[in-house]
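[1] got a predicted model here, sequence first, then my questions.
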Amino acid sequence: MKNLKKTAFFAVVLAFIGFSANAQKGSAFGFKGGLNYSANGDYFESIGDNAKNPDRNIGYHIGLFGKIGDQLYFRPELVYTATKSDYDSNAFNVKKIDAPLLVGIKVLGPVSVFGGPSLQYILDTEFEGIDIDNVEDDFSVGLNFGIGLNFNKIGIDLRYERGFNDNEATFINNNLGDGVFSRIDTRPDQLILSLSIAL
């Protein structure tokens with residue numbers, strides 16, 4: 001099942017590349033980047049302890065986007081994202097590839113609203129210098145929705161992203177004592193501000 005999910009993710013990536021290479025009149029293609037104000041789920045130092053809620057922190061993203069349509073449009077994206085959440089004095093870092101598949105509609109002049117699923121593939125996770133290899137599922141699905149402004153080839157959008165399912169990582173954290181068993185939710189919960197430039 002896990003291999004099937006990975007295959008589906010990379011099929012989307014290849015489809016995006018094919019779309020970009022064969023963009024027709026009326027479609028657009030370009031670069032995007034921006035800031036992520038993010039937090040992941042609760043952190044537990046052991047099964048019986050109370051959860052520690054994360055503090056939000058600033059991350060970043062950079063990638064490509066495509067667009068088909070005008071009034072009603074489809075916008076696939078392929079984005080590298082790096083986020084960070086703080087838990088007391090510890091930080092949890094996530095690096096991943098996101099592939100949002102968005103449908104939008106212009107509502108007034110340059111203003112549009114959009115939403116859709118985001119396919120996510122986790123590349124690396126680290127908790128205060130500890131590399132975490134056993135994430136429950138390195139492929140997951142989230143939801144994006146937001147509002148955008150487009151001025152010719154320049155676009156700005158603000159969106160909210162939330163992971164659909166709990167996706168925990170478990171690890172032994174020797175920094176907290178003698179081999180303390182810990183677990184942390186890798187599911188994203190974030191605001192994303194992006195600037196895009198069409199070619």
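    Sure, I can see it.

[2] beta partners for the closest residue in space to residue 27 that isn't next to it in sequence?
    Using Cβ to Cβ, 6 or more residues apart in numbering and skipping the chain neighbours, the partner closest in space to residue 27 is residue 68 (4.8 Å). Yep, even glycine has a C-beta here, placed from its N, CA and C like the rest. Beta-bridge partners recorded for residue 68 (DSSP bridges): residue 27, residue 74.

[3] quick check: mean pLDDT across stretch 72-80?
    In this model, stretch 72-80 has a mean pLDDT of 94.

[4] next, the buried residues of that stretch.
    Using 16 or more other Cβ atoms under 10 Å as the test for burial, stretch 72-80 gives 73-79.

[5] at which residues are the strands of this structure located?
    27-39, 43-44, 57-69, 72-87, 90-108, 111-127, 130-131, 139-151, 154-163, 168-173, 180-185, 189-198 (DSSP state E).

[6] count of residues packed around the residue nearest to residue 27?
    Neighbourhood size, residue 68 [other Cβ atoms under 10 Å]: 16.

[7] so it makes contact with residue 29?
    No. Taking contacts as Cβ atoms under 8 Å, residue 68 lies outside contact range of residue 29: 10.0 Å.

[8] in TSV: the buried residues of stretch 72-80, plus distance to residue 185.
    Output for those, formatted as TSV (distance: Cβ to Cβ, whole Å):
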residue	distance to residue 185
73	33
74	31
75	28
76	27
77	24
78	25
79	21
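
[9] show me the two of those that sit farthest apart.
    Greatest spatial distance in those: 73 and 79, 17.7 Å, computed using Cβ to Cβ.

[10] so who does the residue nearest the centre of the chain touch?
    Centrality entry for the chain: nearest residue to the mean C-alpha point is residue 98, 4.9 Å, by Cα atoms, centre = their mean. Residues near residue 98 by Cβ atoms under 8 Å, 6 or more residues apart in numbering: 61, 63, 77-81, 118-120.

[11] let's see that with 7 Å instead.
    Shown in contact with residue 98 (Cβ atoms under 7 Å, 6 or more residues apart in numbering): 79, 81, 118, 120.

[12] from residue 102, how far off is the closest residue to residue 105 other than its chain neighbours?
    In this structure, residue 105 finds its nearest non-sequential neighbour in residue 72, 5.2 Å apart by Cβ to Cβ, 6+ apart. For residue 72, the distance to residue 102 (Cβ to Cβ, to the nearest Å) stands at 12 Å.

[13] surely residue 65 touches residue 30?
    Yes. Applying Cβ atoms under 7 Å as the test, residue 65 and residue 30 come out as touching, 6.0 Å apart.
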